[in-house]
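Peer 1: Dropping a prediction and its sequence here:
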Amino acid sequence: MGLFDKKVTCSVCGGKAKKNYEELKDGILCKKCLKNVSPWFSFEPETTLEQVRGNMELKEQMKAEEAAFPRDLKFGEGLQKLYIDKAQRRFMITDLLGHNPDIYSLDAIKSCELKTREGLLNTDQEMRTSLKREYLYTFQVVMTMDDPYVKQIPFEFKAKPVITGPTRLNDEVLEKAKDRSETTAGSIVNILSGLSQKTIDTIEANTAEGEAIIAELSAY
Ligand SMILES: [Zn+2]
């Protein structure tokens, strides 16, 4: 066996790992055990095994609560979903593939902001031979958390790519999508921040206005 085949031992399960493991300050976490940790766990060079075990214990509790979590208020048009439990003021959010959900109190959110990510879809060949450009935009609500393990949770509520023409800044399609996303993000941010108890009350009251809010949000 060569140098590159060097195996390490996972500090949690004792299994052997060769790649895709996480190096902790005082141990190793294998790929399999990583699945029992929050998808948004903030790994840092100083992260200890004790911290990881602490998060794993919390994840066990979250797993036990997952099945009974209310699903009537749901956001996200892609695989990633966000559910809000109005009565207990909690939220549940899955990873980008719709798995491994975390559950937190709404009060654990320190702040929320809308982030737009821009990517260029063209190949190198197209860049050389054509002026046509396609940009892809994804819209996220990024929650900054007051939590010992997780610092930020990005929620990609609009998963469908927005593809524009050759121009970037003055493109009508993009501007419209941005406007819409900002409105939706604003509603999500209000609900998540717990600032808008009024919005939650409106939804709960089953009024036409509340239905309009749900319709608007579920369009994304
Ligand atoms: Zn392991």
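Peer 2: In hand now; what should we look at?

Peer 1: If we look just around the ion, which residues of this structure are in range?
Peer 2: When proximity is defined as C-beta under 5 Å from the ion, the chain approaches the ion at 10, 12-13, 15, 30, 33. Any C-beta I mention is one placed from the backbone N, CA and C, and that applies to glycine too.

Peer 1: Only the buried subset of these, as a PyMOL command please.
Peer 2: The buried subset of the residues of the chain next to the ion, as determined by 16 or more other C-beta atoms under 10 Å, is captured in PyMOL by this line:
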select buried, resi 10+12+30+33
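
Peer 1: Which of the residues of the chain next to the ion fall within helices?
Peer 2: Among those, DSSP state H puts Cys33 in helices.

Peer 1: Distance to Glu175 and pLDDT added to the residues of the chain next to the ion, as JSON lines?
Peer 2: Formatted as JSON lines, the entries for these read as follows, by distance: C-beta to C-beta, whole Å; pLDDT from 0 to 100:
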{"residue": "Cys10", "distance to Glu175": "49", "pLDDT": "96"}
{"residue": "Val12", "distance to Glu175": "49", "pLDDT": "95"}
{"residue": "Cys13", "distance to Glu175": "51", "pLDDT": "95"}
{"residue": "Gly15", "distance to Glu175": "51", "pLDDT": "93"}
{"residue": "Cys30", "distance to Glu175": "46", "pLDDT": "95"}
{"residue": "Cys33", "distance to Glu175": "45", "pLDDT": "95"}
